[in-house]
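In: For reference, the sequence and a predicted model appear below.
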Amino acid sequence: MGINGILLSIISNAIRTVAIKKLVDIFIDKNTCTWKFYWMAYVFFWGFTSTIYHLYYFPPFNLLSNILGFILILFPYKIKFSKKALTIFLIYGINTLGDSIVVFSFMKYQFGTPVNPLIEYITSLVMFLAVIVLARIVKKDMDSVLPINYQASLGSVPMISIGIIFYVIKLGTQFRNIILFTATGLLVINILNVYIYQSLVQFYSAYMEQKMKQLSQEIRK
């Protein structure tokens, strides 16, 4: 990959980082952030993930660097660890599956080789536009914390999805149609998982509010 390709790849990752910021804003209230200059975490995420990608071109390393970057991004937010973990898995699941669909739609990718920078750029733009649409559809009243068993169930969906798509990709490009079909199906499931998450939060908030009202009435009696 030449200098121009590396520069285009870095720009693509910058667009992706902005999209991730918008996704974080969907799932987590900005007011829970304790850092005044929280944007520095996103700058580090962009630089760190770009460096690891161009040094190794190895998906497991990229996966690890992205997760470490996500942990740093969410570190300044004063929320429970379980919600941070759930947010990481939800965002990274959608990100990985979206990547797989675009990459295998336009090129014959071999596991462990660099992706065409132009494809990276297209992928980042698609993700950015998808996030804008998602931000308009999903309500941002997701401040309530679900019980840990619900969060674990929701978080297992993107974790399993990432494992499946990594396994299918390693089978090789001769299974390109299977990879596209699998990635598309899993992406739909993960998007529905976000809606289920939102619905559960709304239901649980209403349930707890009703429970508090009943408790208040019993105390008054």
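Out: On my side now, so go ahead. Numbering: from 1, shown residues only.
In: pLDDT wise, what is residue 135 at?
Out: With respect to pLDDT, residue 135 has a value of 72.
In: Now name the helix or strand holding it.
Out: helix 117-137 (DSSP states H and E).
In: Tell me which residues are up against that helix.
Out: Outside of helix 117-137, the residues within contact range by C-beta atoms under 8 Å, 6 or more residues apart in numbering are 1, 4-6, 8-9, 11-13, 15-16, 18-19, 22-23, 25-26, 95, 98-99, 102-103, 106-107, 191, 194. Every residue, glycine included, has its C-beta placed from N, CA and C.
In: Kindly report the same for stretch 47-54.
Out: With contact meaning C-beta under 8 Å, 6+ apart, stretch 47-54 is reached by 1, 6, 9, 10, 13, 61, 62, 65, 66, 68, 69.
In: helices and strands around the top helix by length along the chain, which ones?
Out: Using DSSP state H, we find that the single longest helix of the chain is helix 176-220. With contacts defined as 3 or more C-beta pairs under 8 Å, 6 or more residues apart in numbering; DSSP states H and E, helix 176-220 has these neighbours: helix 81-106, helix 148-170.
In: Could you report the neighbour count for residue 185?
Out: 13 (other C-beta atoms under 10 Å).
In: go on, residue 48?
Out: Other residues close to residue 48 by other C-beta under 10 Å number 15.
In: Number the residues from 20 up from this point.
Out: All right, first residue 20 from here; so that's residue 67.
In: any idea which helix or strand carries it?
Out: helix 58-75.
In: After that helix, heading C-terminal, what element do we hit next?
Out: Defined by DSSP H and E, the subsequent element after helix 58-75 is helix 78-93.
In: and the angle for that following helix with helix 100-125?
Out: 140 degrees (axes from the mean of the first three to the mean of the last three C-alpha atoms, to 10 degrees).
In: Now do helix 78-93 and helix 58-75, the angle between them.
Out: Taking the same axes, to 10 degrees, helix 78-93 and helix 58-75 form an angle of 170 degrees between their directions.
In: Give me the buried positions along helix 78-93.
Out: For helix 78-93, the buried set under the neighbour-count rule, 16 or more other C-beta atoms under 10 Å, comprises 78, 81, 84, 85, 88, 89, 92, 93.
In: That concludes my questions; thank you for your assistance.
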